[in-house]
Structures are given as structure tokens and as C-alpha cells.
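*Asks:* build me a model:
(one chain, ligands or ions: 1)
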Amino acid sequence: MPFLLVAVVVWSVLRTGALLLLDRRQAAAIRGGSGAVPAAFADAVSPADHRKAVAYGLDRLRFGAVSAVLDLVAGIVALVWGLDLVSGIVSARIGPSISRSLVIAAVLWLVSGLLSLPLAAWRTLVLEQRHGFNRRSPALFLRDSLLASLLTAVIGGPILAGILWAMQALHGPWWLWTWAALTVAMLLAPTIHVRLVAPLFNRFIPLRAEMAAPIEALLARTGFRSGGLFEMDASRRSSRGNAYFIGFGPTKRIVLFDTLLDAHTPDEIQAVVAHELGHFHHRHTLNGLLRGIAFLFGLLAAVGWLAHQSWLLPGFGIRHPDPVLSLILAMVLAGASSPILGLAGNALSRRHEFQADAFARRMVGAAPMVSALTRLARDNASTLTPDPWFSLVHDSHPPVPLRVARLLDAA
Ligand SMILES: [Zn+2]
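*Replies:* So this is what the prediction gives:
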């Protein structure tokens, strides 16, 4: 077998194996804590809620393990056999051209989309449904999936065509131009999302008056200028509560889920908004954008170099070469470093969450933040007894017990 193929397959198997071992640790931690509600949550979380969270946590782990193994198998089949097969079939009908590369990419994308659809359907319509979180009908699920695929094709198709064109027309520095173009796209993305994409999936209305006044007051206290307060009909799809800020400068919007507004007290909602303001205060959003742009530079520099190496395609045993295969396989190799970057990214994100919590505590006090987090943990059936190693690898947010302990500690 070709050497790069062997290396990537071995690496993928080891990586999935390590993640499955972590899953076992997490399952053991959940089972170990299933006997009684942890003392810090005894007032707010009933034994019945706790049992529900244990069952949900274990179900999610089982689903995650099955998905991980199927992903591994599908990835190996694609590398060993699928990419070359599709390239061979398409190349027999279309001569070398950007159109040929696009058709190869489209076939691969459609096949992988169709293979992953049953798993996504199971997660929403069976797993989330069984635990009472899902509110999507099969029809709405299918509509969402089709609409998201259509958007990916409409947005991703021209971007890929542009990259393939740049690879051929600009030779060496194509990746630098691609980086510049994608950076502009990243800067425009929030505006496009707010104006064109999000309204396809949800309805946005001005925030209900009784909440708007206290939040305006909070914004004034923190010197935050917003382009509007909105509530979103998230309850159409799921019972989970959340809030997000999107955009830059004075046009940034604050969006609160109706599920959050319905299930929380005004004090708790203020605490959630204060936490989000903490991210802005500490410039986490801006820094995240700059890190994304820097990451893209590194990724494209690596892909730009790898895609032109004469050993790349033979290293994967490809007999029907095409520029889009060079691009895909260069991404596969460059992506091999993603677990390490993922670990670092999660560690940084957890630090930011603690900083945003501390900011919220300064603005509204510890009590509303603690009760908002506790209620969210209860309503979302988050595990209250996580395994620290599992959390280290997977969690972008610190587990709620740690956040609550930190808030109370510093009070
Ligand atoms: Zn946060």
C-alpha cells in the first residue's frame, strides 16, 4: 500500500481509538455520579432531573461512539478506494478542466452527504426526541437539511471554482490570493448570515418590551453599542435555551432564543447577556476572528505547498489525478494536525468562558449567573459529574460544576 495512505489510515485508527477510550472514561464518570445529585446542585436539581441527565449523557456517548466508528470506516473507504474511483469514472467522460474537478467534488460531496443523513436524522428524530429536546417534525428536518445543502452548493461551488481557477492561473502564490479572498469572505460572513441566511431558518422579532428595558440599561452601564435586540423562535426546533451576539462594530446584534426568555427569570437573562458582553469586553470575538484568519493562512500555506508535491497523489495510490484530488488530499494531510490545534483552541475557549463569567459577576453579581447556569445545566440535561480528561479534549466550555464553583469562590 502507498506510504501516505498507510500513515493516514494508521493515524485515523489511533485517533478514533483514543477518543473511544476517553468516551469510556466519561461513561464511567457519569455512572459513578449517578447515585445522588452532587451537593452543590441538590437544591436546584431533583433526583428525577439527575437520572434524566445520566440517561441522556450515556445515550449521547453511545451514539457518538457509533458515529465515530462509521466515520472512520467511511473515511478509510473513501481514501483507499472512493476518491480514485469517482475521479476515474468522471475522467472517462469529461476532459481535464475546472468543470471536471467540480463534478468530481460534487459527486464526492453528495455521496458523503447522503451517507451522513441517516445519522443526523437519528440524532435529531430519535436521540433528541427520546429525551424530550427535539421539536422538529421529520418534514422540517428534511427541509432544513435540503436548504442547508442547497446553501452549501450555492456558496461553496463558486468558492471552489475560484480556488481551482487560482491554482491553474496563478500557480505558486495561488494560496495567498485564496487566503486574501477567503479573509474578505470571513469578514462579510456575519452580515450575510444575519441578512440572508438566518431568516431562511428562523423568525426574528424585536425583543419583548419587559426584557428590552433592563438589557438596554445593562448595555448602557457597560458602554456597549448594539445594532438591535432580537428574539428568535428557536422553539420551532429544540427546547434548548441560548443567546448569541453576531457582527462587528455598531451593527452587531444581540439575539436571545425564545426558549431562554420563557424558561428563565429576568435576572438570569440579564446574567446570560452580561456573560456575552464579557466576551466583547475582553475582545474574545475580535481575537477569535484574527486567530481564524491566521489559522487559515497557515492551513492554506501548507495546502498550497503540499498540493504541488509530485509525491502527493502517488503517496495515496491515486491513478486518476485531478487538481481537486490534490486539494482534498493536501487538506487531509494538513488536517492531521487538527487534534493538537483543537486541544489548544478548546483550552483557550475555556479560559475565555471563565473571564466572561467573571465579567458577568462584576456586572450583575454571582447569584443570577449561578442560577442561570444551574437551570441551563438542568434543562439541557448536562452531566454534573464529567471526567476531567474527557472535558480537557472535548469541551469548549468548562463543565457547569467548575463554572459555578469558580463564581462562588470569587464572590
Ligand atoms: Zn461564553
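
*Asks:* distance from the chain centre to the worst-scoring helix or strand of the chain on mean pLDDT, please.
*Replies:* Ranked by mean pLDDT, DSSP states H and E, the weakest helix or strand in the chain is strand 243-246, scoring a mean of 84. For strand 243-246, the separation from the chain centroid amounts to 15 Å (computed by CA atoms, centre = their mean, to the nearest Å).

*Asks:* could you give me the buried positions within stretch 91-110?
*Replies:* Of the residues in stretch 91-110, 91, 98, 100-109 count as buried by neighbour count, 16 or more other CB atoms under 10 Å. The C-beta positions use only the backbone N, C-alpha and C, and glycine is treated the same way.

*Asks:* make TSV from the residues you listed and add secondary structure, pLDDT and distance to the ion to it.
*Replies:* Formatted as TSV, the buried residues of stretch 91-110 follow (DSSP: H, G, I helix; E, B strand; the rest coil; pLDDT from 0 to 100; distance: CB to the ion, whole Å):
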residue	secondary structure	pLDDT	distance to the ion
Ser91	helix	95	48
Ile98	helix	95	42
Arg100	helix	96	45
Ser101	helix	96	40
Leu102	helix	96	39
Val103	helix	97	42
Ile104	helix	97	40
Ala105	helix	96	35
Ala106	helix	96	37
Val107	helix	97	40
Leu108	helix	96	36
Trp109	helix	96	32
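
*Asks:* ok, of those, which one's closest to Asn346?
*Replies:* For the buried residues of stretch 91-110, the minimum distance to Asn346 (CB to CB) is 27.7 Å, reached by Trp109.

*Asks:* how about low-confidence regions in the protein?
*Replies:* Along the chain, the parts satisfying pLDDT under 70 run over 410-411.

*Asks:* do a quick rundown of the helices in the stretch 51-200 of the chain.
*Replies:* Under the criterion DSSP state H, counting those that start in this stretch, helices of the stretch 51-200 of the chain are mapped to 83-91, 98-122, 129-130, 138-169, 174-192, 198-201.

*Asks:* for Gly172, see how far away Thr374 is.
*Replies:* Separation of Thr374 from Gly172 (CB to CB, to the nearest Å): 56 Å.

*Asks:* comparing these two, which residue is more hemmed in?
*Replies:* Neighbour totals were compared for Thr374 and Gly172, and Thr374 leads with 21 against 9 (other CB atoms under 10 Å).

*Asks:* the more buried one sits in which helix or strand?
*Replies:* helix 366-379 (DSSP states H and E).

*Asks:* and that helix, what does it pack onto?
*Replies:* helix 47-77, helix 266-281, helix 338-364, helix 400-409 (3 or more CB pairs under 8 Å, 6 or more residues apart in numbering; DSSP states H and E).

*Asks:* which positions in the last one come out as buried?
*Replies:* Of the residues in helix 400-409, those buried by neighbour count under the rule 16+ other CB under 10 Å are 400-404, 406-407.
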